[in-house]
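Q: take a look and give me a structure for this.
(one chain, ligands or ions: 2)
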Amino acid sequence: MHPLLDGIRLVAFDLDGTLVDSVPDLAAAVDDALGDLEMPAPGERKVRDWVGNGSMVLIERALRDTQGRDADPELCRQAHDRFLVHYAQRPCSATRLYPGVREALDALRGTGRILVLVTNKPEAFIAPILEHFELGGHFSLCLGGDSLVRRKPDPLPLTHAAERFAVPPSSCLMVGDSRHDIAAGRAAGFRTLAVPYGYNHGEPVAASGPDGVVESLKELV
Ligand SMILES: O=C(O)COP(=O)(O)O
Ligand SMILES: [Mg+2]
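A: Ligands and ions are numbered 1, 2, ... in the order given. As a prediction, this is how the structure comes out:
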């Protein structure tokens with residue numbers, strides 16, 4: 001086991017960019033949503049840098065890029081509604097698990113640790129994606145960006161999970177790909193571990209000062 005797991009009883013995982021490479025499907029849904037509104041498709045390369053703060057912020061960033069200014073809230077709402085429709089149709093057509101994820105989750109469960117999922121993605125998409133990869137049974141709790149009143153980088157979802165299972169924050173670890181995961185983990189009093197292969201607005205996640213970095217989740221176990 002990785003030394004950062006010593007004394008850890010609960011491990012919180014981020015989803016997009018940590019467990020799954022979901023940008024191909026997210027980008028297709030953004031492209032289709034903007035297409036419905038007769039706007040140009042931003043494409044995968046740009047969308048990669050916009051993921052991390054939930055689906056509404058993703059759409060706001062796409063519209064700002066297309067229009068060169070902040071879009072009005074009604075347009076954001078319309079585009080977001082279209083995004084949700086398209087993404088719901090194909091959440092897993094090109095999405096892949098990163099190498100080492102299944103092995104790491106299996107092994108961690110085997111040690112009796114509590115695993116939770118804390119993503120900024122809308123909660124409705126969590127179960128279909130986990131079920132697609134047959135990982136639904138691994139997590140004792142799944143929280144999306146709309147599950148509670150605040151999302152990452154706010155510590156609330158992590159604090160909520162630790163309290164739910166009565167585990168002190170010092171015995172919890174947050175594993176994620178973005179500065180929002182590291183900030184939320186630190187603010188909640190969790191240990192933090194980063195993976196460098198995901199989405200962090202085009203910057204290295206190591207710069208946010210996680211307690212550790214692993215190239216693959218396999219290194220955890
Ligand atoms: O939907 C997002 O913006 C990011 O989701 P994540 O928190 O699982 O990385
Ligand atoms: Mg992420």
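
Q: give the residue farthest from the middle of the protein.
A: Computed with CA atoms, centre = their mean, the residue of the chain farthest from its C-alpha average is residue 38, at 28.9 Å.

Q: got the contact list for it?
A: Neighbouring residues of residue 38 by CB atoms under 8 Å, 6 or more residues apart in numbering: there are none. The way it works is simple: take the backbone N, C-alpha and C, and place the C-beta from them, glycine included.

Q: got the contact list for the closest residue to residue 207 other than its chain neighbours?
A: Excluding the flanking residues, the one nearest residue 207 by CB to CB, 6 or more residues apart in numbering is residue 179, at 7.7 Å. The contact partners of residue 179, by CB under 8 Å, 6+ apart, come to 153, 200, 201, 203, 205, 207, 208.

Q: try residue 23
A: Applying CB under 8 Å, 6+ apart, the residues near residue 23 are 16, 17, 44, 47, 48, 51, 199.

Q: what's the answer for residue 136, then?
A: 127, 130.

Q: swap in 6 Å and give it another go.
A: residue 130 (CB atoms under 6 Å, 6 or more residues apart in numbering).

Q: I'd like the distance between it and residue 124.
A: Counting by CB to CB, to the nearest Å, the separation of residue 136 from residue 124 is 14 Å.

Q: quick one on the thing from earlier: select only the buried ones of the contacts of residue 23 in ChimeraX?
A: Applying 16 or more other CB atoms under 10 Å to the contacts of residue 23, the buried members can be selected in ChimeraX as follows:
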select :16,17,44,47,48,51,199
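
Q: out of the contacts of residue 23, which are close to ligand 2?
A: Residues of those in contact with ligand 2 (CB under 5 Å from the ion): 16, 17.

Q: so what's the residue of the chain found nearest ligand 2 up against?
A: Closest to ligand 2 within the chain is residue 17: 3.7 Å, counting by CB to the ion. Residues near residue 17 by CB under 6 Å, 6+ apart: 177, 198, 199.

Q: quick one: contacts for the nearest residue to it once chain neighbours are set aside?
A: Ranked by CB to CB, 6+ apart and with sequence neighbours excluded, the top spatial neighbour of residue 17 is residue 198, at 2.6 Å. Going by CB under 6 Å, 6+ apart, residue 198 touches 17, 18, 177.

Q: mind checking what secondary structure residue 198 has?
A: coil (DSSP: H, G, I helix; E, B strand; the rest coil).

Q: how far away is it from residue 81?
A: From residue 198 to residue 81 the distance is 27 Å (CB to CB).

Q: one more: residue 157?
A: Remark: distance between residue 157 and residue 81 (CB to CB) = 24 Å.

Q: and the two? which has more neighbours close in?
A: A count of neighbours by other CB atoms under 10 Å puts residue 157 above the other of residue 157 and residue 81, at 26 against 13.

Q: and the pLDDT at the more buried one?
A: pLDDT recorded at residue 157 is 98.

Q: secondary structure element for residue 60?
A: Taking DSSP states H and E as the criterion, residue 60 maps to helix 55-67.

Q: what packs against whatever helix or strand comes next after that helix?
A: Next along the chain after helix 55-67, taking DSSP H and E as the criterion, comes helix 73-89. If you count contacts as 3 or more CB pairs under 6 Å, 6 or more residues apart in numbering; DSSP states H and E, helix 73-89 packs onto helix 23-36, helix 55-67.
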